[in-house]
Every structure is written in C-alpha cells, then in structure tokens.
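Trainee: below: sequence and its predicted model.
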Amino acid sequence: MASPRLSALDGPRFAALRDLTDQLARTSHGHAEHDRFRAVTRRRVRGPASSDLAGETILVTGGTGCIGTALLTQLAAAPHRRIVSLSRGLTRSRRPVPGVEYARVDVRSAEEIGEAFRRFRPDAVFHLAAVRDPGAAEREVRRTVETNVFGSRNVFRAAEEVRARRLVFASTGKAVRYFTRDVYAATKKLGESLLSEVNLPVTSAVRFTHVVDNSLILGKLRQWCEGGTIRLHSPDIAFHGQSALESAQLMVAAAERSGQLTLRNLEWPFSLLDLALGVRAEAGSSAPIYFCGYEAGYEAGVHRASYDPATAGDAGPLINALESYSCEPILAEQANRISVRGRQSEAVKVRIAELASACADGAPDDRLRRVLGEAGWSALRACLHSAPPDDLQRFGSFVASAHPGEVADPDHALVDDVIAEAVRPGGLAAGG
C-alpha cells in the first residue's frame, strides 16, 4: 500500500491508509490498551525503598524533568540537610518541590559543574541530566555525546573531587544490548562504563524503560492525531513501561550500595499499534497509520542471545543474559541488582579520549558515530574480559546454541565473533 521510509504520503496513499485504519479500529482493543498504559502512572514500589540519607546534602542533576521532580519529591519527604537541583534549561521546575534549591548549570561544562559541587559539597549525587530522545540524539550527535558521555564524566569527577559518599546514575533499558550504533543507547552504555571507574563508597546505576508519565511515544501519537500521519515502525512492536514514581524509588534505593538496579516485573508489554488506535479513538482523529519502517535511533531487533531462558524469568527484560548470572532480587523481589564488574580497559579509555578530541575539534557527525561505535566494541570486550570464567563459559555455550543458522544483522554477527573470541582459551587477554 505504501512503501516504508516515505517522508510524506501523497493524496491517494493517505486516503487508502485512512480507510484501512478505520477498518482496523473497528476490531481493535485500543481503548483497553490506552487505559492500561495510563494506569502505569499509579504504580509504585511497595514498602520502603529509601536509603538513610538523613543529615546529608543531596544534589540532583536534571531535577526539573519528570523523573527528577518525582525523585526530589521522594527525597524531600525524608530527613535531609539540603537538597539542590541543577538543570541546564530551567532554574525552577514547572512543579517546584518545596524546600529544594534550584540552580542553572550545564553538565557539559566541567567548570560550571566543578564550581557547583565545590559550592554545595554534596554527600549524595543523583545524575539524571541527559538527552533522552533517541530521535533527537540521531539529529544532534555532538550535543548528545557531550551531554550523555562527557557531561556524565564531569559529574562523576566532581563527585570524586568533593568526596561524595553516594553516586547514582540514571541509565536506560536500551543499554541491555551487547552493542548498539544508536547514539542515545551507545552514549548511555558508555556512561555505565565511565561509572565503573568512579572511586566512591557507593556507585550505582538504574536502568529505566519507557516512563509513561512523560511519554515521548504518547506525545508523538497525540501530535499526529491532531493532523497528519501516525508513523509506526512496525505493526508488531511491543514495549514495557514504568512510572516516574517507580523510577524515583529505584534511584533512592540505589543509594544504599553499589550495583545496577532494574525493576524485575514490568508486567505485560504494550502493543504500540493498539495504543495508537486507542489514542486515535480518544482524540476522534481520522489520521491514518503508516508503517514507516525503523528510523534512526531505533533498532529493529535485539541479539538473539540477549536473554537466557534459564535466567530471564528471574532477571527481567532490562538485564541481558551475561548480566543475569550475577543478579539478585531486592526490595521484596520487586527489583534486581547486578554487580558492576571490572574496570575500563585501556582500549575504552583511548576511544573515549578520541571521542573527546573529536568533539573539541568540531568533527562531523559521521566521525563521532564511528568513534562512538569503536568505543562500544571496546566496552563489550572489556565487559567480557571482566566476567568470571564460569559465567563466561556458560554464556558462550548459550550464545552458540542460540545461533544455529545465519545471523541477518551484521552487527549481531560481529557480537557473536567477539563472544567466540572471548570464550576461547586466552581470548581477549588484554580486555580491549
């Protein structure tokens, strides 16, 4: 009817797709899926999820955002000495939390961040500031690298300088991939790698999936329904969601001890097609649905050995097979923590230095993407190198059995090669 990757639909295609969408809407469960999606905002972690932050000065980057505001609300409800929010674009939140001090600081500036940390001298740091839209990350590669990689490094170094006790980093469920060329996911994976180098009493990361309270997807669907075309990558996309409150509670819990936290049970994933039909019906819209194919920033599928059936049920969808061997349930089995293994390899450090140089030199996006990709391969090798031998052999056997035939995605085939190299005797000896 309409081939993928069209920037716009002509009149006949638009009309034909609108008629087909109307027919589909008459048989869909869109209303139910839309209601289920909105209900996620009421979810919370049951029982206490807070660390003992009494008497501490707490600093939150990105505190004017959706999760940041929820986190500040959680923190302000418990005893504390001082709470400070640092954000680039706003000095006050749209929903300011009483008792919180708001300051305007750009995490991309090491000088601004250093000065703010020396002024407030935080005991606990929660780092949320980031470019979070995968599509925007593909369009603004340098800004995303400077914010998500080097902005994070600036925060981590400043926390070390003032000898903070706790550092919690907001990551993404997209970091579950062994390797990715998507700019947003790749920069967040590098952020996790940078965190492994931080020398503080507690260093933790929290992986979030789609936060429903501030849903990019819902915003785009509503915009398209106002007049235009609803662009979906595929008819069979399903995705998980969580609430801003759950996300904030996990970040507070992550301040207790080092590791990487995720929600264990994200419930049944949402059908993007049914959600789109539900939003369309609520808006009274006649916008057609067009399956446009996967656009930049969004992968068509995960590596086939991402989840080991023997451990996936206990680990949840935001922990990959290799990570799942070290996961433990926490918060009355509502969440999982995995250990953060090893340190950065020299190869990762070299790639990060090269990426910093490329940004400073004003290098074009294609060079930034290339170096970011090379850093991702080095980080994967370092991760495999730091895995316990028994886990690595178990993982290698699982990967081999999960790929009986040809692998369509070239990057997935390269991941297989890196894993095969790692499990050979003496493989990846240098970790790079």
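Mentor: Great, that's in hand.

Trainee: now do the SS call for Ala32.
Mentor: Following DSSP: H, G, I helix; E, B strand; the rest coil, the label given to Ala32 is helix.

Trainee: quick one: buried residues of stretch 234-246?
Mentor: Neighbour counts over stretch 234-246 (16 or more other Cβ atoms under 10 Å) mark Ser234, Ile237, His240, Gly241, Gln242, Ser243, Ala244, Leu245, Glu246 as buried. (C-beta placed from N, C-alpha, C; glycine too.)

Trainee: check these and tell me the two furthest apart.
Mentor: Within these, Ser234 and Leu245 form the most distant pair, 30.3 Å apart (Cβ to Cβ).

Trainee: related to what we said a few turns ago, turn the buried residues of stretch 234-246 into TSV, including pLDDT, distance to Cys327 and secondary structure.
Mentor: Formatted as TSV, these follow (pLDDT from 0 to 100; distance: Cβ to Cβ, whole Å; DSSP: H, G, I helix; E, B strand; the rest coil):
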residue	pLDDT	distance to Cys327	secondary structure
Ser234	90	30	coil
Ile237	93	26	coil
His240	96	17	coil
Gly241	96	21	strand
Gln242	97	18	strand
Ser243	97	22	coil
Ala244	96	24	helix
Leu245	95	23	helix
Glu246	95	18	helix
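
Trainee: Asp308 contacts Val399, doesn't it?
Mentor: No - using Cβ atoms under 8 Å, Asp308 makes no contact with Val399, being 9.3 Å away.

Trainee: which neighbours do those two have in common?
Mentor: Counting by Cβ atoms under 8 Å, 6 or more residues apart in numbering, the contacts common to Asp308 and Val399 are Ala321.

Trainee: look at these two and report which has more neighbours.
Mentor: Shown here are Asp308 and Val399; by other Cβ atoms under 10 Å, Val399 has more neighbours (23 against 20).

Trainee: how about that one, nearest residue that isn't a chain neighbour?
Mentor: Distances taken as Cβ to Cβ, 6 or more residues apart in numbering place Ala305 nearest to Val399, at 4.3 Å, with adjacent residues excluded.

Trainee: for that neighbour, helix, strand, or coil?
Mentor: Following three-state DSSP, we place Ala305 in the coil state.

Trainee: what separates it from Phe156, distance-wise?
Mentor: From Ala305 across to Phe156, the span is 31 Å (Cβ to Cβ, to the nearest Å).

Trainee: one more: Ser85?
Mentor: 18 Å.

Trainee: and the two? Which one has more around it.
Mentor: Set Ser85 next to Phe156 and count neighbours by other Cβ under 10 Å: Ser85 wins out with 31 against 24.

Trainee: and the more buried one, what is it in contact with?
Mentor: Counted by Cβ under 8 Å, 6+ apart, Ser85 has contacts Leu59, Val60, Thr61, Gly63, Thr64, Gly68, Leu72, Ser93, Val100, Glu101, Tyr102, Ala103.

Trainee: pretty sure Asn199 is touching Ala159, no?
Mentor: No - counting by Cβ under 8 Å, Asn199 stays clear of Ala159, with 10.0 Å between them.

Trainee: which of the two has more neighbours?
Mentor: Using other Cβ under 10 Å, the more surrounded residue of Asn199 and Ala159 is Ala159, with 24 against 8.

Trainee: how about the more buried one, what does it touch?
Mentor: Contacts of Ala159 by Cβ under 8 Å, 6+ apart are Phe117, Pro122, Val125, Leu167, Val198, Leu200.

Trainee: quick check: end-to-end length of stretch 133-153?
Mentor: End-to-end distance of stretch 133-153 (Cα to Cα, to the nearest Å): 20 Å.

Trainee: list the buried residues in it.
Mentor: For stretch 133-153, a neighbour-count test (16+ other Cβ under 10 Å) marks 133-134, 137-138, 140-141, 144-153 as buried.

Trainee: of all those residues, which comes closest to Val279?
Mentor: Taking Cβ to Cβ as the measure, Val279 lies nearest Asp133 of the buried residues of stretch 133-153, at 18.6 Å.

Trainee: helices of the stretch 1-150 of the chain, start to end?
Mentor: In the stretch 1-150 of the chain, the segments counted as helices under DSSP state H, counting those that start in this stretch are 11-25, 30-39, 66-76, 110-120, 134-139, 141-144.

Trainee: deepest of the ones you listed, which one?
Mentor: helix 66-76 (a mean of 23; mean count of other Cβ atoms under 10 Å).

Trainee: mind listing residues that contact it?
Mentor: By Cβ under 8 Å, 6+ apart, the list of residues contacting helix 66-76 from outside reads 50, 53, 58, 60-63, 83, 85, 87, 93-95, 97-100, 126, 128, 170, 208, 211, 213-214, 244-245, 247-249, 251-252.

Trainee: right, I'll leave it there.
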